[in-house]
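Trainee: Predicted model follows, preceded by the sequence.
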Amino acid sequence: MKMAQDYNNTLNLPKTDFPMRGNLPKREPETLEKWESERLYYKMIEKNKGKTPYVLHDGPPYANGEIHLGHALNKSLKDFIVKYKNMTGFCAPYVPGWDTHGLPIELKAMKAIGIKDGAIPPTELRKHCREYAMTQVANQMKGFKRLGSLGDYDYPYLTLRPAYEARQVEVFGEMAKKGYMYKGLKPVYWCPDCNTALAEAEIEYSNDPCYSIYVKFNVTDIFRYLDNYYLDYPRQPGYMPRSGV
């Protein structure tokens, strides 16, 4: 019986210690753990200290749930940029952050503890909101690290921290002193269920039957009406009325 030919022996392959299989599900977490245990980000920033700074200001994700594909794309692209800059002659620190204020967190916190709006004092509700937001920050941070993102995860910026809130109040006060803040009337979108104003991006439209009637007429002498218009309002540069006025 003729034995099958072992073609591996016919190839001039390099001899290395690399395994034949990548085995990423096992090796990738090991690599990320090695980066974190070695404090790779902080070593990188220390090595680049004194070089030309390059700062990427990261718009913070919202702390109200698990990360999704949008987070993955956003964080990965920013991580590529920061790592590239650090490897090409810059000192590029990256400080991640989270937006921890807002109605969605409040609604999720009330749902988690099984209450409705107004059932508990505002101070107690804020405590539950903080706990919920910090839980989501921890979950998202774990997910971002799993993507291979390097950054100052020991000291991220959080909008609920007193120092951050104090700085916001300080900026608001300066704006008020300079007269940039004023009270006026403006129509806003309002949610009767949440009892709060809504941003335009939060509005959802649905098709609704419309019974409007549109009527079209032929205009026989449009220039006469245009001439009367310009008689009532300031003349426009270069305007020559047809009526000779």
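Mentor: Cool, got the structure.
Trainee: which intervals of the protein have sub-threshold pLDDT?
Mentor: 1-3, 222-245 (pLDDT under 70).
Trainee: rerun at 50
Mentor: By pLDDT under 50, the weakly predicted segments of the chain are 233, 235-236, 239, 241-245.
Trainee: State which helix of it is the longest.
Mentor: helix 122-146 (DSSP state H).
Trainee: And that helix, what's buried?
Mentor: Going by neighbour count (16 or more other C-beta atoms under 10 Å), the buried part of helix 122-146 is 125, 128-130, 132-133, 136-137, 140-141, 143-145. Using the backbone N, CA and C atoms, a C-beta is placed for each residue, glycine as well.
Trainee: Counting by contacts, list what it packs against.
Mentor: helix 24-37, helix 69-86, strand 97-98, helix 103-113 (3 or more C-beta pairs under 8 Å, 6 or more residues apart in numbering; DSSP states H and E).
Trainee: Out of the ones you listed, flag the one nearest E174.
Mentor: Nearest of those to E174, taken as C-beta to C-beta: strand 97-98 at 22.2 Å.
Trainee: Each with direction, which strands does the closest one pair with?
Mentor: Strand 97-98 has its sheet partners listed here by DSSP bridges as strand 157-158 (parallel).
Trainee: Next SSE downstream of the partner strand?
Mentor: Next along the chain after strand 157-158, taking DSSP states H and E as the criterion, comes helix 162-177.
Trainee: export that next one as PDB, just CAs?
Mentor: The C-alpha trace of helix 162-177 is given here as PDB (Å, rounded to 0.1, in the frame of the first residue of the first chain):
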ATOM      1  CA  PRO A 162     -17.800  67.000  42.100                       C
ATOM      2  CA  ALA A 163     -14.700  68.500  40.500                       C
ATOM      3  CA  TYR A 164     -16.200  68.200  37.000                       C
ATOM      4  CA  GLU A 165     -19.600  69.600  38.200                       C
ATOM      5  CA  ALA A 166     -17.800  72.500  39.900                       C
ATOM      6  CA  ARG A 167     -16.000  73.400  36.800                       C
ATOM      7  CA  GLN A 168     -19.300  73.400  34.800                       C
ATOM      8  CA  VAL A 169     -20.800  75.700  37.400                       C
ATOM      9  CA  GLU A 170     -17.800  78.000  37.100                       C
ATOM     10  CA  VAL A 171     -18.000  78.200  33.300                       C
ATOM     11  CA  PHE A 172     -21.700  78.800  33.500                       C
ATOM     12  CA  GLY A 173     -21.200  81.600  36.000                       C
ATOM     13  CA  GLU A 174     -18.600  83.300  33.700                       C
ATOM     14  CA  MET A 175     -21.000  83.100  30.800                       C
ATOM     15  CA  ALA A 176     -23.800  84.700  32.900                       C
ATOM     16  CA  LYS A 177     -21.500  87.500  34.000                       C
END
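Trainee: so how far is that helix from its chain's centroid?
Mentor: 22 Å (C-alpha atoms, centre = their mean, to the nearest Å).
Trainee: From T31, how far out is the most centrally placed residue in the chain?
Mentor: Using C-alpha atoms, centre = their mean, the residue of the chain that lies closest to the mean C-alpha position is P61, 4.6 Å off. P61 sits 24 Å away from T31, going by C-beta to C-beta, to the nearest Å.
Trainee: Equivalent analysis for V188, please.
Mentor: From V188 to T31 the distance is 50 Å (C-beta to C-beta).
Trainee: I'd like the buried residues of helix 122-146 as TSV, with distance to M87 appended.
Mentor: Output for the buried residues of helix 122-146, formatted as TSV (distance: C-beta to C-beta, whole Å):
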residue	distance to M87
L125	47
H128	44
C129	40
R130	38
Y132	38
A133	34
Q136	32
V137	29
Q140	26
M141	24
G143	25
F144	20
K145	20
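Trainee: Just the closest of those to D193, please.
Mentor: Nearest to D193 among the buried residues of helix 122-146, with distances taken as C-beta to C-beta, is L125, at 16.9 Å.
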